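Q: Sequence and predicted structure below; questions after.
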Amino acid sequence: MIGHDGAVGEWINFLHPLRDDFAATKTEEERAVWREHSARPQQLREERVVVLPGPTLVTKNTRIVVFEAPDEEAATAIMCGDPAVAGGDASGELRPFRVSLLRGRDDAAP
């Protein structure tokens with residue numbers, strides 16, 4: 001995906017579950033949605049979209065995903081395509097982001 005200036009932009013997506021301690025209190029229905037959610041970053045990684053996904057390990061259980069998209073519209077579509085956001089099991093928050101340094105990444109910005 002290439003932006004208007006020839007570059008791909010980086011974005012950070014915060015996925016906020018609907019309640020504190022969500023990981024420990026999920027219903028079976030919520031578990032099914034979050035299994036789909038958990039498979040999605042792997043697929044997007046294989047498509048070379050996702051840079052870094054993972055949960056925070058505190059009571060709020062916010063998940064973060066750093067990914068690449070050419071513009072805000074495409075980034076919003078990626079965020080809203082997450083099963084947890086699409087199903088109403090989490091709210092999404094999106095911000096432009098720049099990976100300044102990443103071990104093993106040759107093209108990191110100085």
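A: Sure thing, it's come through.

Q: tell me the secondary structure for Leu102?
A: coil (DSSP: H, G, I helix; E, B strand; the rest coil).

Q: Pretty sure it sits against Glu10.
A: No. Counting by CB atoms under 8 Å, Leu102 does not reach Glu10; the two are 10.4 Å apart. Using the backbone N, CA and C atoms, a C-beta is placed for each residue, glycine as well.

Q: contacts for the longest helix along the chain?
A: What stands out as the longest helix in the chain, according to DSSP state H, is helix 28-46. With CB atoms under 8 Å, 6 or more residues apart in numbering as the test, helix 28-46 has contacts from 15, 22, 26, 50, 53, 63, 65, 67, 78, 81-84, 87, 89-90.

Q: Report the mean per-residue pLDDT for it.
A: Averaging pLDDT along helix 28-46 yields 90.

Q: the inter-axis angle of the following helix or strand past that helix versus helix 28-46?
A: Following helix 28-46 in sequence order, the next helix or strand is strand 50-55 (DSSP states H and E). Going by axes from the mean of the first three to the mean of the last three CA atoms, to 10 degrees, strand 50-55 is angled at 150 degrees with respect to helix 28-46.

Q: Show me what strand 50-55 is packed up against.
A: helix 28-46, strand 63-69 (3 or more CB pairs under 8 Å, 6 or more residues apart in numbering; DSSP states H and E).

Q: need the ones you listed in a markdown table with mean neighbour count and distance to Pro96, can you?
A: Putting the helices and strands packed on strand 50-55 into a markdown table (neighbours: other CB atoms under 10 Å; distance: least, CB to CB, whole Å) gives the following:
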| stretch | mean neighbour count | distance to Pro96 |
| --- | --- | --- |
| helix 28-46 | 14 | 18 |
| strand 63-69 | 21 | 10 |
